[in-house]
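Asks: starting from these lines, generate the structure:
(one chain, ligands or ions: 1)
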Amino acid sequence: MTTRAIDKTQPCASMAEVRARIDALDDILVPLLVERGGYMTQAALNKPREDQVRDEARIEAIVQRVRARAAAEGGEPDVIEAIYRSMMEAYIAYEHREFARLCAEGRKGQEVTP
Ligand SMILES: C=C(O[C@@H]1C=C(C(=O)O)C=C[C@H]1O)C(=O)O
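Replies: The predicted structure follows:
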């Protein structure tokens with residue numbers, strides 16, 4: 001039986017401790033988000049057409065998956081869903097920029113619209 005994330009939260013005697021603990025978690029989260037962002041470049045490389053950048057079915061599948069994971073970890077599914085929807089919008093915008101950059105650099109094949 002693994003420990004739920006919510007049970008790892010430490011009681012804090014001051015706001016300074018609260019913020020130090022949040023800063024420590026952000027030092028773990030940000031590198032993971034940057035690594036996740038790297039997969040937007042990989043997605044842009046692997047998608048033949050720019051109209052495939054936003055994939056609604058994939059977005060909804062991720063939302064359902066992370067809501068279940070949030071519940072299993074003792075968190076609030078609605079909070080995690082809101083974070084993920086906002087995060088994915090930022091990543092989709094980034095993926096569009098990456099798609100355009102890769103096209104401009106000649107690193108993507110030219111698709112012919114049928
Ligand atoms: C990375 C993808 O592109 C977009 C970004 C997503 C994400 O941030 O996880 C999910 C769906 C896509 O709209 C993908 O299609 O998987």
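
Asks: name the residues of this structure found near the ligand, please.
Replies: Taking C-beta under 6 Å from any ligand atom as the criterion, the chain approaches the ligand at residues 40, 43, 54-55, 58-59, 62, 88, 91-92, 95. Every C-beta, even on glycine, is put in place using the N, C-alpha and C of the backbone.

Asks: narrow the residues you listed to those in helices?
Replies: Taking DSSP state H as the definition of helices, these contribute 40, 43, 58-59, 62, 88, 91-92, 95.

Asks: would you mind checking those for buried ones?
Replies: The neighbour-count test (16 or more other C-beta atoms under 10 Å) applied to those identifies 40, 43, 62, 88, 91-92, 95 as buried.

Asks: out of these, which one sits closest to D7?
Replies: Using C-beta to C-beta, I62 is the member of these that sits closest to D7, with 24.9 Å.

Asks: residue contacts, that closest one?
Replies: Contacts were defined as C-beta atoms under 8 Å, 6 or more residues apart in numbering; by that measure I62 touches 84, 88.

Asks: quick check, pLDDT for it.
Replies: According to the model's per-residue confidence, I62 sits at a pLDDT of 99.

Asks: could you do K108 as well?
Replies: According to the prediction, K108 has pLDDT 89.

Asks: and it, its phi and psi?
Replies: Reported as degrees, to the nearest 10, the phi and psi values for K108 are phi -130, psi 140.

Asks: model confidence score at the nearest residue to it once chain neighbours are set aside, please.
Replies: The spatial neighbour of K108 that comes closest, neighbours along the chain excluded (C-beta to C-beta, 6 or more residues apart in numbering), is L102 at 4.9 Å. Predicted confidence (pLDDT) for L102: 96.

Asks: how many other residues sit next to L102?
Replies: As a burial measure, the neighbour count of L102 was computed by other C-beta atoms under 10 Å and equals 14.

Asks: that one contacts A43, correct?
Replies: No. Checked against C-beta atoms under 8 Å, the pair L102 and A43 is beyond contact range at 10.8 Å.
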